Each structure stands twice: as structure tokens, then as C-alpha cells.
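> Coordinates for the following, if possible.
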Amino acid sequence: MKKSLAFWSILRKDIKTYYLKPPNISWGIVFPVSWTLMFFIRSGGAVDIRGILPGVMALSVLFGTTSMLAVTITFERKKRSFERLLLAPISLDLLMLAKTTGAIIFGVINGFIPVFFASFLIDLSGINWFFAFLSVFLIAVTSTFLGLFVAVSVSEVFEAQTFSNFFRFPMIFLCGLFIPLDSLPVFLRPLSYLLPLTYGADLLKLAVGHGGFIPVWLSLLVLVAYGTGLFLISTHNIQKKWIY
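Model prediction:
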């Protein structure tokens, strides 16, 4: 009971304290909404909205989750309030799950913002909603733990945002979001298959009925492996660098 209460208290505190900070509003909410409107409204009928929907959803999740962790984790460390959280009657792993659950929820909500706008422009029948939610959730988990990895590697919010961009912007072009992987130069394709968002975007394409060529089991396995690996590496770094 104490563990569940501590988990909920940490999650609720983060939601109340950090979620509407300026970096989250700009990178986590305004940015996804802006590019959604740019793609869907300004382009009119010039593009296949269903075709670009998976890419916009994936980017909304990626930017929302990584921006969230850059604020919550980095602020906690800078204010030295993270040490107080270690007094909670839960393990470090459960503590960090509590710190990251809010970002995962935030990312899932962000992922469906483009779907909301697209519903006014195209017929969304035929989408496998269960599979779409599963895909968005897995992207949110891996992106959140990527954000956690970045956040525990720096000491300032602006450093976390800059470091995050080192991963985020290349993914726009390398993960098959808007440019098919077979259209990329041959020497870049192996790099594409090393990025988890490639597999998440492919799952989303399959869910909306617009492509998808990577075996489902492989995409699920890679996303779970990436999420688990990034979480374990991040908690190890916290244990090694932050806890003396």
C-alpha cells in the first residue's frame, strides 16, 4: 500500500508542478499542434493525409515525451529535491517509473492530437484503433526512456533540450516517417534500422492501413528491448552518478 501511495504521490506532484512549464508547452504541445496544422490544413488536398498521419503522430509523441523528461528530471536534480524522493519507501526502479509514467501518458495524449485534427479532414474508418494505441504507447515508452537517458546525462534544462535534438531531428529523416526507407541512400539505411522510432512508425503505418513492411513481432521486440535497455542504463547512471 505504501509503495502504491508513494508512486501516485510522485506522479501527481509531477503533473501539478512540471507539466505546464514553458519548455513543455513549446516543445511538447505547441510544436506538435503547429506541425499538425501545417501538414493537414495548409497543404489542403496536396498530400495524402492518411499517408503522413503515422509520421506526425510519431513525432508528436517523440517531442512531447523527451521535452517532459528534460524538465522534470533535470529540475529535480538541479534543485536537489531528487534526494528527498529517495526517502520514499520504494525502490529506485519504481521511483523512476513514477517519474516517467506522467511523460508516457502525456506522450500518448500528444500522439492522438494529429488524429483529432485529421478526423475533420478525412475518413478514419479502417484504422485498427487497438493496434494504433499499442503503437503509440510503445513509442511513448521508448521515447520517454530516451528522454530519461538524456536527462540523467546533463545538468541543465537547455542542455537536455539540445542533447535531445541530437537524436530527435535526425529521426525525422531517417525513420521512414515521411521519406520511405528505400528512398534513402544505401549507406544511411543501416542507421535507420538502429533507431527505435523506425519500428514504431512502421507499426503505426500498419495500424492506419498505409504500408508497414517490418514484421510485427520484430517491431514489438525491438521497441520493448529498447525501452528496457534505456531504462536500465538510465537507472544505472543514476545509481552511479547521483547516489553516493
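
> so Thr99 makes contact with Phe75?
Rather than Thr, residue 99 is Lys. No - in terms of CB atoms under 8 Å, Lys99 does not count as a neighbour of Phe75; the distance is 11.1 Å. Placement of C-beta: from N, CA and C, glycine included.

> neighbour count winner among these two?
Lys99 (24 against 20; other CB atoms under 10 Å).

> Using CSV, write out every CA atom in the strand or helix carrying the more buried one.
For Lys99, the host element (DSSP states H and E) is helix 92-111. Coordinates of the C-alpha atoms in helix 92-111 are reproduced here as CSV (Å, rounded to 0.1, in the frame of the first residue of the first chain):
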residue,chain,number,x,y,z
LEU,A,92,14.9,3.3,-7.3
ASP,A,93,13.4,1.4,-10.3
LEU,A,94,9.8,2.1,-9.0
LEU,A,95,10.7,5.7,-8.2
MET,A,96,11.9,6.3,-11.8
LEU,A,97,8.8,4.6,-13.2
ALA,A,98,6.8,7.0,-11.2
LYS,A,99,8.8,9.9,-12.6
THR,A,100,8.4,8.7,-16.2
THR,A,101,4.7,7.5,-16.1
GLY,A,102,3.5,11.0,-16.5
ALA,A,103,5.6,11.6,-19.6
ILE,A,104,4.3,8.4,-21.1
ILE,A,105,0.7,9.4,-20.5
PHE,A,106,1.5,12.9,-21.9
GLY,A,107,3.1,11.3,-25.0
VAL,A,108,0.1,9.1,-25.7
ILE,A,109,-2.3,12.1,-25.5
ASN,A,110,0.1,14.0,-27.8
GLY,A,111,0.1,11.1,-30.2
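
> Just the pLDDT for Phe137.
Phe137 carries a pLDDT value of 96.

> That one: what's it in contact with?
The contact partners of Phe137, taken as CB atoms under 8 Å, 6 or more residues apart in numbering, are Ile104, Val108.

> CA atoms of the helix or strand where it lies as CSV?
Per DSSP H and E: Phe137 is located in helix 129-151. Extracted in CSV, the C-alpha atoms of helix 129-151 (Å, rounded to 0.1, in the frame of the first residue of the first chain):
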residue,chain,number,x,y,z
TRP,A,129,-7.6,1.5,-33.1
PHE,A,130,-6.3,-1.1,-30.7
PHE,A,131,-3.1,-1.5,-32.7
ALA,A,132,-2.8,2.2,-33.1
PHE,A,133,-3.0,2.7,-29.4
LEU,A,134,-0.5,-0.1,-28.8
SER,A,135,1.9,1.5,-31.3
VAL,A,136,1.6,5.0,-29.8
PHE,A,137,2.1,3.6,-26.3
LEU,A,138,5.3,1.7,-27.2
ILE,A,139,6.6,4.8,-29.0
ALA,A,140,5.8,6.8,-25.9
VAL,A,141,7.6,4.3,-23.6
THR,A,142,10.8,4.2,-25.7
SER,A,143,10.8,7.9,-26.3
THR,A,144,10.3,8.6,-22.6
PHE,A,145,13.2,6.4,-21.6
LEU,A,146,15.3,8.0,-24.3
GLY,A,147,14.4,11.3,-22.6
LEU,A,148,15.3,9.8,-19.3
PHE,A,149,18.7,8.7,-20.6
VAL,A,150,19.3,12.3,-21.9
ALA,A,151,18.1,13.9,-18.7
